[in-house]
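Asks: my questions concern the predicted model and sequence given below.
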Amino acid sequence: MDDTRMGAPGPMGTTLGTRIDQLVGDHALKLSERLQAHRAQLFPPNARKEMRRFTSGEAADLLGVKDAYLRKLHLEGRGPEPEVRAGGRRSYTAADIQALREMLETGTKSPGTYLPGRREGDHLQVITVINFKGGSGKTTTAAHLAQKMALDGYRVLAIDLDPQASLSALHGFQPEFDLLDGGTLYDAIRYDDPVPLSSVIQRSYFTNLDIVPGNLDLMEFEHDTPRALVQRDGNLFFTRVGDALAEVEQEYDVVVMDCPPQLGYLTMSALSAATAVLVTVHPQMLDVMSMCQFLLMVSNLLGVVAEAGGNMSYDWLRYVITRYEPGDGPQNQMVSFMRSMFADHVLNHTALKSTAISDAGITKQTLYEVEKSQFTRATYERAMESLNAVNGEIEALVQAAWNRGVSRMEAS
């Protein structure tokens with residue numbers, strides 16, 4: 001008898017014949033423990049992530065004014081008191097910037113100059129970020145979009161619909177430790193005894209940004225929905241995310257939903273609730289081929305949802321090129337190919353591949369959170385310029401959906 005079938009040592013220290021469920025479970029436990037230790041090192045027990053301070057120049061850029069004007073407000077004793085560092089350098093918190101927005105808005109004759117969010121009659125903007133293929137920059141795009149719009153004065157709700165919960169991790173949540181008793185969107189859209197969406201919304205450390213974190217509980221919706229469809233109990237799966245959002249609609253200007261890399265019931269319900277769709281695309285042939293299959297599936301499945309009464313009308317749909325390397329010839333060819341095919345549906349600006357963004361992710365941060373001093377100036381500014389251009393273009397689409405343009409009055 002071959003003793004390798006009885007658990008004899010195999011290559012690389014494994015044991016041949018080990019039950020795969022036990023092996024995977026052991027690996028998950030070890031990885032979870034290591035990740036918890038990593039988090040404890042970055043953020044001590046009971047500590048919460050905090051947003052960094054902004055230089056007066058950064059604050060002025062966010063507000064759309066001159067730095068000299070902020071200095072003038074400070075000398076006049078108007079607005080929040082900045083922290084003054086060595087050499088007279090002023091710095092502001094995100095809450096300070098929001099307070100300045102509110103003060104400046106009351107003194108302007110152009111409504112929305114400093115507080116660009118919804119006005120009476122404007123509908124909630126629900127942006128669903130999707131892609132069928134992992135590694136397309138979906139979560140990075142969603143996180144930076146949500147944070148930039150919050151910094152720009154919008155009231156933002158970010159919803160993590162991906163059971164892998166990467167968006168949650170970026171905002172200080174580790175699902176296997178922080179969400180032991182639920183607390184995801186699943187609790188608000190489940191078929192039996194759903195809770196109010198407000199009960200699972202978490203206030204983040206980021207001014208103007210709330211979050212609904214995710215974990216593996218979200219997969220339950222994929223398991224429950226077939227049973228609900230068989231029972232024909234009148235609960236339409238594709239309306240559940242939209243119905244939940246309607247409960248908190250007046251509290252926000254924009255919702256950003258990070259969908260899982262699959263086209264299941266959860267993603268379809270999110271697409272039905274959306275007012276806009278953002279598709280992330282890594283400009284390589286295999287990724288574009290995968291996106292083609294994804295678009296075919298989306299078209300077929302959402303056509304069925306529309307026939308069943310689902311709302312499939314969107315303010316806009318755009319493709320955003322992510323992890324773009326301008327010096328890569330094949331990537332440039334793919335970008336040109338996409339622009340020739342989809343024309344204005346491809347965003348003009350691209351999200352560049354950057355070590356600054358990936359390095360920030362090691363400490364579970366976005367580029368908006370890390371200090372500029374951690375990177376070489378050129379690397380940081382190149383990545384920031386790229387992100388701001390993409391997010392600014394999306395903000396313009398949001399404003400256009402509200403039938404107005406983006407305008408920032410230069411104060412002096």
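Replies: Alright, I've got the coordinates.

Asks: need the residue closest to the centroid of this structure.
Replies: residue 142 (2.5 Å; CA atoms, centre = their mean).

Asks: which residues are contacting stretch 317-325?
Replies: 136-137, 140-141, 276-283, 331, 335, 338, 342, 345-347, 350-353, 390, 394, 397 (CB atoms under 8 Å, 6 or more residues apart in numbering). Every residue, glycine included, has its C-beta placed from N, CA and C.

Asks: same question, stretch 292-301
Replies: For stretch 292-301, contacts defined as CB under 8 Å, 6+ apart pick out 131, 132, 133, 263, 268, 271.

Asks: give me the buried subset of the contacts of stretch 317-325.
Replies: Among the contacts of stretch 317-325, those scoring as buried are 136-137, 140-141, 276-283, 331, 335, 338, 346-347, 350-353, 390, 394, 397 (criterion: 16 or more other CB atoms under 10 Å).

Asks: which ones among the residues you listed are found in helices?
Replies: If you go by DSSP state H, those have 140, 141, 331, 335, 338, 390, 394, 397 in helices.

Asks: farthest pair within the residues you listed?
Replies: Among these, the pair separated by the greatest distance (CB to CB) is 331 and 397, at 24.3 Å.

Asks: lowest-confidence one in the ones in helices among the buried ones among the contacts of stretch 317-325?
Replies: Across these, the bottom pLDDT score, 89, is held by residue 338.

Asks: and the residue nearest to the centre of the chain, how close does it get to residue 168?
Replies: Note on residue 142: its distance to residue 168, by CB to CB, to the nearest Å, is 11 Å.

Asks: over to residue 93?
Replies: From residue 93 across to residue 168, the span is 23 Å (CB to CB).

Asks: residue 255 belongs to a strand?
Replies: Yes - counting by DSSP: H, G, I helix; E, B strand; the rest coil, residue 255 is located in a strand.

Asks: touching, it and residue 118? I think so.
Replies: No - counting by CB atoms under 8 Å, residue 255 stays clear of residue 118, with 11.7 Å between them.

Asks: where do the strands sit along the stretch 1-150 of the chain?
Replies: For the stretch 1-150 of the chain, the strands defined by DSSP state E, counting those that start in this stretch occupy 54-55, 83-84, 90-92, 125-130.

Asks: out of those, nearest to residue 26?
Replies: Counting by CB to CB, residue 26 lies closest to strand 125-130 out of these; the figure is 33.8 Å.

Asks: can you pull the phi and psi angles for residue 200?
Replies: Dihedral pair for residue 200: phi -110, psi 0, per degrees, to the nearest 10.
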